[in-house]
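Undergrad: fold the following and give me the result.
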Amino acid sequence: MSNPCSSSTDFIPYTLEVTGKGIREVEQARAAIPAGTPINIAFLGNEDHAQRIHAAKVIRACCAEPVPIISSRRLRSEEDRDELIGALVEQAAPRRFMFVGGDPAIPAGPYHDSLALLASGVLERHGIDQVVITGYPEGHPKIDSGELMRALKWKLDFLREAGCAVEITTQFGFDAEAVVRWIAQLRQQGIETPIRIGVPGPADVGKLLRFARQFGVATSASILRLYGLSMTNLMQRVGAERYWDQLQAGLGGRRLGSIGWHLYPFGGIEDGVTWINARLSAAASLQVSSR
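TA: Numbers count the residues shown, from 1 in each chain. Coordinates of the predicted model:
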């Protein structure tokens, strides 16, 4: 009997993201999402563990791979950590986890950042050997760029010594040149970890700017013009075509290792998945025709 969840390719070209409250969108877009696609589950302050576990189960049932995001500063205790991750493993069998610091200025428990959580023995306790960490090509509003790089290197060294397979997923942004420059900098420093570049799916301008403010992404007038955004029409729905094309141009012809994509579907999962599927199909066709 054939496996209904089998994938036609060993390499999944993109990952995406969903909230617990938005999990129904994954079910609705299931036909458009390639089997085996890793789907990150956001760790929001206004959702509870039951919603996160339910989302992971739905993603697994939809033939995709649940990737729980664990927010270090939102965990209340070691017991809270183990109850959540244990339930996720038991009920949805995620193959990988993403560890982040999280938004709260004051930690809810003993973990003040993702370094502290990783060093707490969480990987060994729960048999985790595939980990995703975050990259910030355009910087972070609350963390110095030098500290960001030191933290990234610490995590990579720690996870390599722990025997984990690692990917870096970047924050979404608007400055393609900054992203390519950051990737090149990592490669020059001998960091060959696979990287997934965060790209926003189609959404209205106002929503994109709200998420940019929430995540601390730079939104200068010059950057917005490069992206093709107009501040005079916040209801205009836009895709990331210019950003995508600028990234492709910047990456083209350069040996920058394994590069993939992470979709932030701010305007809805079905629209976002349809958009990125079309962009990847067009890029593949262009490669074939140029041979």
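Undergrad: strands along the stretch 101-250 of the chain, start to end?
TA: 130-135, 165-170, 195-200, 203-204, 237-238 (DSSP state E, counting those that start in this stretch).
Undergrad: same list (the ones you listed) but as TSV, adding mean neighbour count and mean pLDDT.
TA: Glycine gets a C-beta too; all of them are placed from N, C-alpha and C. Formatted as TSV, the strands of the stretch 101-250 of the chain follow (neighbours: other C-beta atoms under 10 Å; pLDDT from 0 to 100):
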stretch	mean neighbour count	mean pLDDT
strand 130-135	20	98
strand 165-170	20	97
strand 195-200	24	96
strand 203-204	19	88
strand 237-238	16	72
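Undergrad: can you tell which of these is closest to Phe215?
TA: Smallest distance to Phe215 across the strands of the stretch 101-250 of the chain (C-beta to C-beta): 9.5 Å, for strand 195-200.
Undergrad: what's the angle from that closest one to strand 130-135?
TA: 60 degrees (axes from the mean of the first three to the mean of the last three C-alpha atoms, to 10 degrees).
Undergrad: strand 195-200 packs against which elements?
TA: strand 165-170, helix 176-188, helix 241-251, strand 259-264 (3 or more C-beta pairs under 8 Å, 6 or more residues apart in numbering; DSSP states H and E).
Undergrad: can you give the strand pairings for the last one, parallel or anti for each?
TA: For strand 259-264, sheet partners with direction are given as strand 14-18 (parallel), strand 195-200 (parallel), following DSSP bridges.
Undergrad: report the buried residues of that strand.
TA: The neighbour-count criterion (16 or more other C-beta atoms under 10 Å) identifies Trp261, His262, Leu263, Tyr264 as the buried residues of strand 259-264.
Undergrad: roughly how far is that strand from the heart of the chain?
TA: The chain centre lies 7 Å from the centre of strand 259-264; the measure is C-alpha atoms, centre = their mean, to the nearest Å.
Undergrad: cool, stretch 35-52 as well?
TA: With C-alpha atoms, centre = their mean, you get 12 Å for stretch 35-52.
Undergrad: show me what the longest helix seen in the chain is in contact with.
TA: For the chain, the longest helix by residue count, based on DSSP state H, is helix 269-289. If you take C-beta atoms under 8 Å, 6 or more residues apart in numbering as the criterion, helix 269-289 is touched by 13-14, 16, 18, 22, 25-26, 28-29, 32-33, 199, 201-202, 239-241, 244, 248, 261, 263-266.
Undergrad: likewise for stretch 21-40?
TA: Applying C-beta under 8 Å, 6+ apart, the set of residues contacting stretch 21-40 is 5-9, 12-18, 47, 51, 54-55, 58-59, 62-69, 96, 98, 132, 169, 262, 265, 268-270, 273-274, 277.
Undergrad: thanks a lot, catch you later.
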